[in-house]
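> 3D, please:
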Amino acid sequence: MKRERFAWITIVPTVWLVACTVTAGLEKVFDPDPAVGFLSHAVQFGQAAVTNRILAPATTLDQMRRVIFNDYVDAALAALAVALVIVMIIYAIIEIPKAMHTPKSTVLEIGGGAEAMAGGGDD
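Numbers count the residues shown, from 1 in each chain. The predicted model follows:
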């Protein structure tokens, strides 16, 4: 809508949100502490399962295998979430300059506007 002077109102919280999301996602996937990282937790449970040792909260080896599988699924989903955020940022970096250099508004509103609400629209 060509109101660049107000862009900081959404940019500042977005930068903070992206920084927190990407940092947390990467920590959840790759942190070496098994209490935090999915992969290190899976490795810890995997090593215990190989020696037939059962770690809490599991009570059977089958539950140990389920915890390991779930950790790998969680790691993959967290990595996917981080990847999606990064792709969206890259797309924004590519598209925002295009929109800035377009002389007309790049916003297209469909449906009723102020005219339609006042009874002057074609709807």
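> Where is the longest helix in this protein?
helix 61-100 (DSSP state H).
> Now do the buried residues in that helix.
For helix 61-100, burial by neighbour count (16 or more other C-beta atoms under 10 Å) applies to 64, 67, 68, 71, 74, 75, 78, 79, 81, 82. Every residue, glycine included, has its C-beta placed from N, CA and C.
> which regions of this protein lie under the pLDDT threshold?
By pLDDT under 70, the weakly predicted segments of the chain are 1-2, 106, 109, 111-123.
> center of it, which residue is that?
residue 81 (3.8 Å; C-alpha atoms, centre = their mean).
> The residue nearest to that one when sequence neighbours are not counted: helix or strand, and which one exactly?
Once flanking residues are discounted, residue 81 sits nearest to residue 25: 5.5 Å by C-beta to C-beta, 6 or more residues apart in numbering. Assigned by DSSP states H and E, residue 25 falls within helix 8-30.
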